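*Asks:* Need the 3D shape of this:
(one chain, ligands or ions: 1)
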Amino acid sequence: MNWIKLEKSLSFLLRHSPETLQLQMDPEGWVDTDALVKAVKFKESRFDLKALQKIVRDSQKQRFSFSEDGSKIRANQGHSVKIDLKLSPTTPPELLYHGTVERFLDSIMQDGLKKGDRQHVHLSLDLETAQKVGQRRGKPIILTVNARKMHEEGHLFYVSDNGVWLTEQVPPQHLNLHLP
Ligand code: HQG
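*Replies:* The predicted model follows:
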């Protein structure tokens, strides 16, 4: 089985388009595990619950979680479908990081970080992670986010189950270019 392709398909289904395989998603983003296995099996006959468990366990970014009894599964972050992960607001550290690329810089410095189709702007706790996120698009550029200051001004921050910091938007005055 092509595990990378399968993980990508799961991300697509559980973050963006459960309806592609006629899956029902509840308001907190959960999909019935058996229904998901059945639906994916239809496309990839060797797929089964064991394969799904392997992907969830081995996912480098820990992109998915099972419910406590395993009957449901959801993506930990990255959704464009309107769901509520029911995360609690969390006090951020002084600084968080965002990895991007130079071609977006002018626009970001003018309008701030915007969430686009996703439900949140994604921020990282450490430089290395931000570097990797930026690298997906080319030569990475790192922005520092004055997260604590934003928090003091009333912006809400959340941490997903796989450690990604989330917030609604970052205004330009709270962004700085990180110089290596
Ligand atoms: C940019 C991956 C112009 C932003 C990663 C980014 C992450 C602007 C792109 C997760 C802008 C959005 C998310 C503005 C933001 N003008 N460009 N005002 N504001 N941008 O993919 O943070 O592998 O939606 O810099 O690890 O790159 O999917 O966000 O380049 O956690 O699990 O617009 O995706 O995780 O791109 O990545 P994305 P992201 P997964």
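*Asks:* A strand includes residue 166, no?
*Replies:* Yes. Counting by DSSP: H, G, I helix; E, B strand; the rest coil, residue 166 is located in a strand.
*Asks:* tell me the contacts of it?
*Replies:* 77, 87, 119, 120, 121, 122, 123, 157, 158, 159, 160 (Cβ atoms under 8 Å, 6 or more residues apart in numbering). Backbone N, C-alpha and C define where each C-beta goes, glycine included.
*Asks:* at 7 Å instead, please
*Replies:* Contact analysis of residue 166 by Cβ atoms under 7 Å, 6 or more residues apart in numbering lists 77, 120, 122, 157, 158, 160.
*Asks:* Sort out which one of the residues you listed lies nearest the ligand for me.
*Replies:* Ranked by distance to the ligand (Cβ to the nearest ligand atom), the contacts of residue 166 are led by residue 122 at 3.9 Å.
*Asks:* Return the closest of the contacts of residue 166 with respect to residue 180.
*Replies:* residue 122 (21.1 Å; Cβ to Cβ).
*Asks:* Alongside the ligand, which residues does this structure contribute?
*Replies:* Within the chain, the positions near the ligand by Cβ under 6 Å from any ligand atom are 61, 63, 78, 100, 104, 107-108, 111, 113-114, 116, 118, 122, 133, 137, 164.
*Asks:* all strands in this structure, in order from the N-terminus.
*Replies:* 31-32, 64-66, 72-75, 96-101, 121-123, 140-145, 157-159, 165-167, 175-177 (DSSP state E).
*Asks:* you'd agree residue 52 is up against residue 37?
*Replies:* Yes. At 5.7 Å, residue 52 counts as touching residue 37 under the criterion of Cβ atoms under 7 Å.
*Asks:* What about residue 155, how many residues nearby?
*Replies:* Around residue 155 there are 17 other residues, counting by other Cβ atoms under 10 Å.
*Asks:* quick one on the thing from earlier: from the residues of the chain next to the ligand, which land in helices?
*Replies:* Among the residues of the chain next to the ligand, the residues falling in helices (DSSP state H) are 107, 108, 111, 133.
*Asks:* what does the domain assignment say about the protein?
*Replies:* Annotated domains of the chain cover 3-75, 96-177 [automatic domain parsing].
*Asks:* Just put those in a markdown table and tack on mean pLDDT.
*Replies:* Formatted as a markdown table, the domains of the chain follow (pLDDT from 0 to 100):
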| stretch | mean pLDDT |
| --- | --- |
| domain 3-75 | 96 |
| domain 96-177 | 97 |
